[in-house]
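Chemist: give me a 3D structure for the following:
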Amino acid sequence: MNKRLDASFRVALALVLLVLYSPSSWPEYTRDYLDQHPMQVVDANGVEIAYRRIGPIDAETAVLVMGLGASHTVWGDAFVRGIIASGFQVLLIDNRDTGGSIRYAETDNPVLWWQLLKYRVGLPVSTTYRLDDMADDVVRVMDAVGVEKAHLIGASMGGMIAQVVAANYPGRTQTLVSIMSSTWGDHLPEPGRESAAAIRDIADNKQAVQQRAEFMRRMGFHREAIPRQVMAILRAGDRSESVSSIKAPTLVIHGRDDRLLTFEHGVHTAEVIPGAKLIIYDGMGHNIPDAVRPEMLREIGVWLTANPIRSNR
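Modeler: Down below sits the predicted model:
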């Protein structure tokens, strides 16, 4: 168990470094379309959560949840426009600690090595918030805008949050689309040598690091949130049992070339959810490449359309 917790930490740290600094992750990224739409904020049990609502008001709602340290803007214009073009309204949520949502002070950051040491000796780990809290935030935003039931689309940690919503709130979940995400099962692969080599390359190129960091900030990544969100993932641990309780029609999408959460993570997610459909894309890593995005959007549109919401508030 302790060995797996250390491995989980290495996975999360590799994910942070490679997602934030991969030079080819988002070559045609823009957010101009998103920025044309006003941000709104709901107070969810004393926690302010920001969101945007875009698309036809009478259409079914797709809720999009982004990953580690990322605000909703990381989805980018092309992906959001694609979901809307399939006939859906989009509800984009900033997870707590990102974007326009509540931001926590640096003093709230867990000392990661200390938390891992506490894990090793069997003491409780301190977290500022949990995956369950972020899932509750999603539902409270749905409540605030009058959406009783929605299609949930989550990427990476956002896929984990969407899985928690689908497991804990089955009556609020019409479909689930889990993209490059995981159950965090204990048996799943750790990062390989390729990830370690990529991290070394990053460390050796300080100018590239700075340029990529500036680009990621413009995209909507918030590195200061990462320690808190990493601990939320680790505290949740192996969620295979709860994920197996999901009843919503589920589409699992993963990249065969994902060096962070390797494709086995997607395979396992699809295996434990009854009736889930699995799509693995060649040429896709832990990102949504321009070459893959059109086909991915087509598959998502078909999946959502084939499982319509029968009633909505």
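Chemist: need the phi and psi values for the nearest residue to Pro308 once chain neighbours are set aside.
Modeler: Excluding the flanking residues, the one nearest Pro308 by CB to CB, 6 or more residues apart in numbering is Glu60, at 6.7 Å. No exception for glycine: its C-beta is placed from N, CA and C like everyone else's. Backbone torsions for Glu60, taken as degrees, to the nearest 10, come to phi -60, psi 150.
Chemist: now do the same end-to-end measure for stretch 285-299.
Modeler: Start-to-end span of stretch 285-299 (CA to CA, to the nearest Å) is 18 Å.
Chemist: what are the buried residues along it?
Modeler: For stretch 285-299, the neighbour count (16 or more other CB atoms under 10 Å) marks 285-289, 292-293, 296-297, 299 as buried.
Chemist: buried ones in the strand or helix carrying Ile83?
Modeler: With secondary structure defined by DSSP states H and E, Ile83 is part of helix 76-85. The neighbour-count check on helix 76-85 (16+ other CB under 10 Å) flags 76-84 as buried.
Chemist: which of the buried residues of stretch 285-299 fall in helices?
Modeler: Among the buried residues of stretch 285-299, DSSP state H puts 293, 296-297, 299 in helices.
Chemist: and which of these is nearest to Gly158?
Modeler: Nearest to Gly158 among these, counting by CB to CB, is Met296 at 14.9 Å.
Chemist: hang on, isn't that closest one packed against Tyr281?
Modeler: Yes: using CB atoms under 8 Å, Met296 is in contact with Tyr281, at 7.0 Å.
Chemist: between those two, what contacts are shared?
Modeler: By CB atoms under 8 Å, 6 or more residues apart in numbering, Met296 and Tyr281 have these common neighbours: Ile253.
Chemist: return the distance of stretch 163-180 from the chain's centre.
Modeler: Relative to the centre of its chain, stretch 163-180 is centred 12 Å away, using CA atoms, centre = their mean, to the nearest Å.
Chemist: please save the CA atoms from stretch 31-50 in PDB.
Modeler: What follows is stretch 31-50, C-alpha atoms only, in PDB (Å, rounded to 0.1, in the frame of the first residue of the first chain):
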ATOM      1  CA  ARG A  31      -9.800  30.900 -26.100                       C
ATOM      2  CA  ASP A  32     -11.100  34.000 -27.800                       C
ATOM      3  CA  TYR A  33     -14.600  32.500 -28.300                       C
ATOM      4  CA  LEU A  34     -14.800  31.500 -24.700                       C
ATOM      5  CA  ASP A  35     -13.700  34.900 -23.500                       C
ATOM      6  CA  GLN A  36     -16.600  36.500 -25.400                       C
ATOM      7  CA  HIS A  37     -19.000  35.000 -22.900                       C
ATOM      8  CA  PRO A  38     -19.500  36.400 -19.400                       C
ATOM      9  CA  MET A  39     -18.300  34.500 -16.300                       C
ATOM     10  CA  GLN A  40     -20.800  34.000 -13.500                       C
ATOM     11  CA  VAL A  41     -20.200  32.900 -10.000                       C
ATOM     12  CA  VAL A  42     -22.300  30.800  -7.600                       C
ATOM     13  CA  ASP A  43     -21.800  30.600  -3.900                       C
ATOM     14  CA  ALA A  44     -21.800  26.800  -3.200                       C
ATOM     15  CA  ASN A  45     -21.900  26.300   0.600                       C
ATOM     16  CA  GLY A  46     -19.600  29.300   1.100                       C
ATOM     17  CA  VAL A  47     -17.300  28.300  -1.800                       C
ATOM     18  CA  GLU A  48     -17.500  30.500  -4.800                       C
ATOM     19  CA  ILE A  49     -17.400  28.500  -8.100                       C
ATOM     20  CA  ALA A  50     -17.200  30.300 -11.400                       C
END
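Chemist: what are the contacting residues of it?
Modeler: Applying CB under 8 Å, 6+ apart, the contact partners of stretch 31-50 are 51-54, 72-73, 75-77, 80-81, 92-94, 96, 99-102, 133, 136-137, 140-141, 144-145, 219-220.
Chemist: restricted to strands, list those residues.
Modeler: 51-54, 92-93 (DSSP state E).
Chemist: and the residues you listed, which is closest to Ser156?
Modeler: Ile93 (14.5 Å).
Chemist: give the bridge partners for Ala50, please.
Modeler: For Ala50, the beta-bridge partners are Val41 (DSSP bridges).
Chemist: that one and Met231: what is the separation?
Modeler: 22 Å (CB to CB, to the nearest Å).
Chemist: so what's Arg53 closest to, chain neighbours aside?
Modeler: Nearest to Arg53 is Leu91, by CB to CB, 6+ apart, at 5.4 Å.
Chemist: for that neighbour, list each beta-bridge partner.
Modeler: Listed by DSSP bridges, the beta-bridge partners for Leu91 are Arg53, Val63.
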